[in-house]
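Trainee: Fold the following.
(one chain, ligands or ions: 1)
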Amino acid sequence: MGATMATATAQRIRTINGSGFFNCITLRYYYGGMLNEPIELDGLVIRNRMWLPPMCQYQAEDGIPNDWHLVHYGARAAGGFGLLIIESTAVTPDGRISPNDVGLWNDEQAAAWQPITAFIHKMGAKCAVQLAHAGRKAGVYPAVQSEKKGPIPGWDRVSPGTEPFANFPAPRALTTEEIAEIPALFAAAAVRAVTAGFDAVEIHAAHGYLLHSFVSPLTNTREDRYGERSLLLREVCTAVKAAVDVPVLVRVSASDFCEGGLQIEDTVELAKQLRDCGVSLIDVSGGGLTPFKSWDAIEGEFPGFASRIGKVLPVASVGGILNPAQGERMLREGIDAALIGRAALWDASWPMRAGVTPPPSYAQGVRDQR
Ligand SMILES: Cc1cc2nc3c(=O)[nH]c(=O)nc-3n(C[C@H](O)[C@H](O)[C@H](O)COP(=O)(O)O)c2cc1C
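Mentor: Residues are numbered from 1 along each chain as shown. This next block holds a predicted model:
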């Protein structure tokens, strides 16, 4: 099922200030391409289908975003991305992947996001924030700014059970009462997100973090009601939908890529349940529950998974996209938006390669790089 398209033709015809030569190239691309088509997600109109996936920056202190986040996200909004999905943002201090993660567990953090979301909007982009709890994979030394690697001793890691991730210390199994409090934590962070100016919320249920570890049969062998593996994620989505009137996205690991773990068929069924909770879009990723495979090894699998989930709900997918042709192919396969991750770290203005109009300050000097 594709998401609604709004005023596509009008939006396709854009030109850049400059020579007729550049205009010809831009128009030719626009007429052929779907990446530039706007999309509407439950009332949120997004200018194109080139989106930034969440990517941790490990630059915050006390969960508070700063100039780095303004510059990093601001540059990508100015560079033409349609939707920026802001990095994994913790709903509790212990839910951070690293001590330098951003958070939305207090109002000071929400206030610090306001100028960042305002600038993103000024550049014509929309922004969602990925709300997360890292569960048994929480509390690692940050990938930047630290010579130490691996799990930080003494961190309170929690999980459906006590099985550790890789060489991490064993987590503490959450009690039924503690689990029942988790939806309210996500809902409170979602309310702060909307106060901070975010247009949508993404629930992180992928990569082996807390919500994924409830969904996967490898990590959830509970015998209480949360042994029904999708229950906590459904409760989180329902609580967030009840608390805020913005689209809710869910990032899933479509497969655990190992025997006894989640398979794509399970995720298609999960998507149906999430649709019934009011979720607007599934952001398709994979793996992370075990240290078994890296993204590079599995990135080619995601578009195929997304096409199957896309029959249930609108979908966005990563997939090692480097150039616009790869993104276009993905959209032709029924995926609603292409997520450009690592390539966008190299090139904040990646969407200009697909014909997006440069901001006025760049237009006079811009040369076609495609
Ligand atoms: C530096 C970095 C940080 C990342 N942080 C997150 C994150 O916070 N949340 C998440 O769901 N995925 C995270 N990812 C995964 C990306 O969102 C994306 O799925 C992955 O890079 C594959 O997309 P690509 O092939 O376009 O790079 C991160 C990836 C990178 C490279």
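Trainee: ok, for the residue of the stretch 251-370 of the chain found nearest the ligand, nearest residue in space, not its chain neighbours?
Mentor: Per C-beta to the nearest ligand atom, residue 341 is where the stretch 251-370 of the chain lies closest to the ligand, at 2.9 Å. (Each C-beta comes from the backbone N, C-alpha and C, glycine too.) Once flanking residues are discounted, residue 341 sits nearest to residue 53: 4.6 Å by C-beta to C-beta, 6 or more residues apart in numbering.
Trainee: And residue 82, by the same measure?
Mentor: residue 48 (4.0 Å).
Trainee: ok now do the one you found, which residues does it touch?
Mentor: 11, 35-39, 80-82, 351, 356 (C-beta atoms under 8 Å, 6 or more residues apart in numbering).
Trainee: out of those residues, which one sits closest to residue 69?
Mentor: residue 81 (14.9 Å; C-beta to C-beta).
Trainee: Tell me, what's the model's pLDDT at that closest one?
Mentor: For residue 81, the pLDDT comes out at 98.
Trainee: That one: neighbouring residues, count only.
Mentor: Residues contacting residue 81 under the criterion other C-beta atoms under 10 Å number 31.
Trainee: Do I have it right that it meets residue 52?
Mentor: Yes: between residue 81 and residue 52 there is a contact under C-beta atoms under 8 Å: 4.9 Å.
Trainee: can you list residues touching both of those two?
Mentor: Common neighbours of residue 81 and residue 52, counting by C-beta under 8 Å, 6+ apart, are 340, 344.
Trainee: Excluding chain neighbours, give the residue nearest to residue 74 in space.
Mentor: Using C-beta to C-beta, 6+ apart, the closest residue to residue 74 is residue 119 (4.8 Å).
Trainee: Could you name the specific helix or strand carrying the one you found?
Mentor: Assigned by DSSP states H and E, residue 119 belongs to helix 107-122.
Trainee: For that helix, buried residues please.
Mentor: Residues 109-110, 112-113, 115-117, 119-120 are the ones in helix 107-122 that count as buried (16 or more other C-beta atoms under 10 Å).
Trainee: any chance of those in a markdown table, plus pLDDT?
Mentor: Below are those laid out as a markdown table (pLDDT from 0 to 100):
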| residue | pLDDT |
| --- | --- |
| 109 | 98 |
| 110 | 98 |
| 112 | 98 |
| 113 | 98 |
| 115 | 98 |
| 116 | 98 |
| 117 | 98 |
| 119 | 98 |
| 120 | 98 |
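Trainee: can you list the residues you listed in TSV and add distance to the ligand?
Mentor: Conversion of these to TSV gives the following (distance: C-beta to the nearest ligand atom, whole Å):
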residue	distance to the ligand
109	16
110	19
112	18
113	15
115	21
116	16
117	17
119	20
120	17
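Trainee: Give me every residue in the protein lying close to the ligand.
Mentor: Residues of the chain lying near the ligand by C-beta under 6 Å from any ligand atom: 53-56, 87-88, 130, 204, 206-207, 251, 285, 295, 299, 318, 320-321, 339-343.
Trainee: Pull out the buried members of those.
Mentor: Counted by 16+ other C-beta under 10 Å, the residues of the chain next to the ligand give 53-54, 56, 87-88, 130, 204, 206-207, 251, 285, 295, 299, 318, 320-321, 339-341 as buried.
Trainee: circling back to that earlier point, can you pick the most crowded of the contacts of residue 48?
Mentor: The most neighbours of any of the contacts of residue 48, using other C-beta under 10 Å, belong to residue 81, which has 31 neighbours.
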